[in-house]
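Trainee: model the structure of this input:
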Amino acid sequence: MVRIFFIFFVSFYLFFLTNIKAQNEKEINLLEETINEKIKFPKDYFGKILEGKAGIDYQNQKSESNTQNKDLLQSVYEMEVSGNILVESEIHAAINPLDTNNIIISPIRQKPNDQTQVIDCPVYFTKDFGKTWDVSEFQAKPSRENVLLAGGGDPVLAFDSEGKAYNTWINLFFTRIGNNYDSVFADMYWAKSNDGGKEWIRSANDRVGRGLGKYTLNSTYGLNRMLDKQWIAVDKSNSPFKNNLYVVLTEITAGTTNNSRIKLFKKMADADTFLTESVQINKNIYSLVQFSSIDVDHKGTIHITFYGNNGSVNSLFYSSSTDGGNTFTPEIKITDFTFAGSRLIPGNQNDRVVGMSQQRFYPCPILAVDKSEKSPNAGNIYLVWTANGINSVKGDGMDIYLSSSKDKGQTWSSPVVINDDEKGKKVSQYYPSITVNNKGVVIICWYDRRHDSTDNKSHYYMTASFDGGKTFLPNYRITGSETNFSRVGLKNNNFGIGEYNQVLASDYYAIPVWADGRTNDGNLNIYTAFIPLDESLLSVERVANIYNTVTIEEIFPNPAKNKISVKIIGSLDNSAEVQILNYQGKIIQKFDNIIKQKNEEVLEFSLDKFTSGIYFFKLTDRNNYIIKKFIIVN
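Mentor: Numbering: from 1, shown residues only. Prediction:
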């Protein structure tokens with residue numbers, strides 16, 4: 001779910017809210033908490049808007065992507081405000097099953113000082129396997145005009161079996177009559193693309209669902225229902241439900257007890273609207289249900305997991321449907337777990353993670369199913385999550401856990417810890433993502449702080465299993481530079497990295513996509529890596545910031561002997577630097593002052609002193625870098 005920094009607007013309201021909370025200090029108003037997190041305006045701007053001094057007219061908004069010569073993804077930051085940087089995080093991505101060269105990515109872009117559009121979820125796309133990127137002109141905005149967009153987010157993407165892309169997101173907005181607010185809306189929208197993410201089409205009824213209320217000055221603004229944190233999946237099998245689009249989410253209603261439910265919404269393959277009726281997944285009553293996840297297997301079975309809490313015990317549950325989402329099995333408990341403690345989840349406060357606000361931190365349970373009939377482990381179900389123990393706190397900090405099922409979710413394996421760092425040492429690992437490729441390779445990625453004794457700085461890691469989750473390769477560090485999480489929220493009201501990233505896969509590559517703050521000034525960029533999938537997992541073949549206007553077109557010859565030539569396309573800064581790294585990541589040689597001309601450059605580097613082996617060419621430019629592998633044979 002998108003976590004949005006909440007701003008109290010007037011002194012009277014602060015007094016009013018304090019008294020309300022004093023009366024209910026032991027209860028959680030989930031609807032209030034969720035709305036508060038969605039609101040995006042800083043205090044001073046919210047005050048001005050409430051006084052009727054600002055409005056919004058989307059018809060007059062200029063697209064941020066109206067630029068020319070877009071063979072590479074240009075810096076949207078620099079195009080919008082010269083010299084300033086806009087933070088983008090909470091990233092989702094999808095890969096086209098018909099053409100794996102086609103990848104789409106959508107983050108939350110925050111503009112906290114912009115009264116007209118405080119939030120956006122742009123869509124970036126590549127059609128050449130990440131060598132070049134472009135940005136769609138699509139804007140994830142409300143379908144009605146003349147409204148105040150106050151928050152939202154939660155971009156989630158998927159492709160169907162025919163290569164059609166789907167996009168879903170949330171807008172929280174207000175309508176007004178004159179200078180007075182009239183109604184509050186929390187709409188979940190959807191759109192589709194038939195061209196790989198460049199153009200997006202919205203139907204006449206483009207809502208998955210709606211929360212609506214008459215505006216009032218209270219803790220929920222009059223909103224009495226909200227649909228939160230959707231995940232989506234498309235049936236890509238040859239079942240009778242092929243290409244149905246399914247959305248699982250949490251429905252939250254007013255009150256402090258039994259006010260959340262896991263629900264499924266669906267759109268039939270050939271329909272232009274979602275069905276009005278939803279199906280409730282959880283059969284039992286919980287103090288809180290949230291954090292659902294969904295996937296569809298190669299036979300059309302829908303698999304759903306979710307978090308449930310009955311007082312003091314945190315648990316994960318599983319349910320499934322074999323009739324296209326009309327009915328679901330009673331939930332089965334997968335496991336209990338312990339947690340670090342956050343606004344909704346009880347836990348050990350000593351394991352709080354620096355840079356992850358108490359409002360936002362959650363176990364991030366993500367589901368993936370082996371959907372390939374050719375895989376020896378077809379039908380296996382895998383679930384990853386963040387926890388600091390199962391039945392009791394282990395004392396190692398937060399870890400990445402995995403449980404799997406080989407019998408359609410009826411039984412689940414005992415949870416195992418995926419991160420292989422030294423035990424007994426308190427280290428934070430968190431926010432996993434998981435996917436399974438068409439060959440059955442299970443790929444897991446996460447943030448990891450094992451290298452930092454202060455537990456502040458994170459790298460991004462991954463591992464893979466080639467035997468259905470029985471064993472995993474040694475954990476592999478993807479990033480070459482760390483992110484100091486004590487600084488990630490400096491430019492987006494402590495929203496930080498948000499709540500999820502995504503890992504994709506083709507038959508031969510793992511493709512993690514994550515929010516990266518290596519500049520350590522509060523800026524967050526989208527990074528992606530292309531990692532060859534083999535059991536030796538030799539190297540990251542390419543790592544790149546997708547905003548970078550520079551690409552390494554070619555290293556030749558490769559393998560090389562005495563020298564290499566590197567063709568670079570794009571405009572480099574005069575401070576650009578090249579490093580040659582060995583397989584262990586150690587810097588073997590540096591090259592400074594390498595730039596002689598702009599736009600296209602072929603650079604030559606002598607390799608006389610290098611021994612045979614695998615090396616990496618690292619080009620650093622304006623705090624961004626690109627890495628490409630090459631081989632020396634002497």
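Trainee: what number of residues lie near residue 164?
Mentor: Applying other CB atoms under 10 Å, we find 20 other residues in the vicinity of residue 164. For glycine as for every other residue, the C-beta is placed from the backbone atoms N, C-alpha and C.
Trainee: doesn't residue 196 make contact with it?
Mentor: No. Residue 164 lies out of contact with residue 196 (CB atoms under 8 Å); the separation is 9.5 Å.
Trainee: what's downstream of the worst-scoring helix or strand of the chain on mean pLDDT, the next helix or strand?
Mentor: Of all helical and strand segments in the chain, the minimum by mean pLDDT, DSSP states H and E falls on helix 76-80, at a mean of 20. If you walk from helix 76-80 toward the C-terminus, the next helix or strand you reach (DSSP states H and E) is strand 87-95.
Trainee: can you point out the buried residues in that following strand?
Mentor: Applying a neighbour-count criterion of 16 or more other CB atoms under 10 Å, one finds 87-95 buried in strand 87-95.
Trainee: cool, and stretch 218-237?
Mentor: Residues 219-223, 225-237 are the ones in stretch 218-237 that count as buried (16+ other CB under 10 Å).
Trainee: okay, and which of those residues map to strands?
Mentor: In this view, the buried residues of stretch 218-237 that belong to strands under DSSP state E are 225-234.
Trainee: and residue 36, helix, strand or coil?
Mentor: In terms of secondary structure, residue 36 is helix; the call rests on DSSP: H, G, I helix; E, B strand; the rest coil.
Trainee: okay, now it: neighbour count?
Mentor: Residues near residue 36, counting by other CB under 10 Å: 20.
Trainee: now swap in residue 486 and tell me
Mentor: Other residues lying near residue 486 total 13 when counted by other CB under 10 Å.
Trainee: same check, this time on residue 612
Mentor: By other CB under 10 Å, the burial measure for residue 612, its neighbour count, is 11.
Trainee: and stretch 509-527, which residues are buried?
Mentor: Residues of stretch 509-527 classed as buried by neighbour count (16+ other CB under 10 Å): 509-520, 522-527.
Trainee: measure that stretch end to end?
Mentor: 16 Å (CA to CA, to the nearest Å).
Trainee: low-confidence regions, the stretch 1-150 of the chain specifically.
Mentor: Regions of the stretch 1-150 of the chain meeting the criterion pLDDT under 70 cover residues 1-28, 38-85, 112, 114-116.
Trainee: do the stretch 201-350 of the chain as well
Mentor: 256-257, 346.
Trainee: tell me where it has strands.
Mentor: When secondary structure is read from DSSP state E, counting those that start in this stretch, the stretch 201-350 of the chain shows strands at 207-214, 225-234, 245-253, 260-267, 279-280, 288-296, 302-310, 313-321, 332-337.
Trainee: make a markdown table out of the ones you listed and add distance to residue 462.
Mentor: Below are the strands of the stretch 201-350 of the chain laid out as a markdown table (distance: least, CB to CB, whole Å):
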| stretch | distance to residue 462 |
| --- | --- |
| strand 207-214 | 31 |
| strand 225-234 | 21 |
| strand 245-253 | 26 |
| strand 260-267 | 29 |
| strand 279-280 | 35 |
| strand 288-296 | 19 |
| strand 302-310 | 21 |
| strand 313-321 | 22 |
| strand 332-337 | 22 |
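Trainee: among those strands, which is nearest residue 573?
Mentor: Of all the strands of the stretch 201-350 of the chain, the one in closest proximity to residue 573, counting by CB to CB, is strand 225-234 (39.6 Å).
Trainee: what's that closest one packed up against?
Mentor: The helices and strands touching strand 225-234, judged by 3 or more CB pairs under 8 Å, 6 or more residues apart in numbering; DSSP states H and E, are helix 30-38, strand 148-159, strand 165-177, strand 180-193, strand 207-214, strand 245-253, strand 288-296.
Trainee: quick one: contacts for residue 183?
Mentor: Applying CB atoms under 8 Å, 6 or more residues apart in numbering to residue 183 gives the contacts 174-175, 212-215, 222.
Trainee: re the thing from before, so which of the helices and strands packed on strand 225-234 gets nearest residue 423?
Mentor: Judged by CB to CB, the one of these that comes nearest to residue 423 is strand 288-296, at 26.8 Å.
Trainee: against which helices or strands is that closest one packed?
Mentor: strand 225-234, strand 245-253, strand 260-267, strand 302-310, strand 366-369.
Trainee: tell me the span between the first and last residue of stretch 426-446.
Mentor: Between the opening and closing residues of stretch 426-446 there is a gap of 17 Å (CA to CA).
Trainee: average pLDDT across that stretch?
Mentor: When pLDDT is averaged over stretch 426-446, the result is 97.
Trainee: return the distance of it from the chain's centre.
Mentor: 13 Å (CA atoms, centre = their mean, to the nearest Å).
Trainee: check which residues of that stretch are buried.
Mentor: Going by neighbour count (16+ other CB under 10 Å), the buried part of stretch 426-446 is 427-446.
Trainee: inside strands: which ones of those residues?
Mentor: Assignment to strands by DSSP E places the following of those there: 429-436, 442-446.
Trainee: in JSON lines: these, plus distance to residue 306.
Mentor: As requested, these are exported to JSON lines (distance: CB to CB, whole Å):
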{"residue": "429", "distance to residue 306": "22"}
{"residue": "430", "distance to residue 306": "19"}
{"residue": "431", "distance to residue 306": "18"}
{"residue": "432", "distance to residue 306": "16"}
{"residue": "433", "distance to residue 306": "17"}
{"residue": "434", "distance to residue 306": "16"}
{"residue": "435", "distance to residue 306": "19"}
{"residue": "436", "distance to residue 306": "20"}
{"residue": "442", "distance to residue 306": "21"}
{"residue": "443", "distance to residue 306": "23"}
{"residue": "444", "distance to residue 306": "20"}
{"residue": "445", "distance to residue 306": "22"}
{"residue": "446", "distance to residue 306": "20"}
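Trainee: if we only consider those, which is nearest to residue 135?
Mentor: residue 433 (22.6 Å).
Trainee: how about that closest one: what's its closest non-neighbour residue?
Mentor: residue 503 (4.5 Å; CB to CB, 6 or more residues apart in numbering).
Trainee: the strand or helix carrying that neighbour: partners in the sheet, and parallel or antiparallel?
Mentor: Of the helices and strands defined by DSSP H and E, residue 503 is found in strand 502-505. Here the strand partners of strand 502-505, with direction, are listed using DSSP bridges: strand 509-516 (antiparallel).
Trainee: how far off strand 87-95 does the strand it pairs with point, in degrees?
Mentor: Between the axis of strand 509-516 and that of strand 87-95 there is an angle of 160 degrees, by axes from the mean of the first three to the mean of the last three CA atoms, to 10 degrees.
Trainee: what packs against the following helix or strand past strand 509-516?
Mentor: Taking DSSP H and E as the definition, the helix or strand that follows strand 509-516 towards the C-terminus is strand 525-532. Contact partners of strand 525-532 among helices and strands, from 3+ CB pairs under 8 Å, 6+ apart: strand 87-95, strand 103-110, strand 509-516, strand 542-545.
Trainee: between those, which one is nearest to residue 270?
Mentor: In terms of CB to CB, the element of the helices and strands packed on strand 525-532 nearest to residue 270 is strand 87-95, at 20.8 Å.
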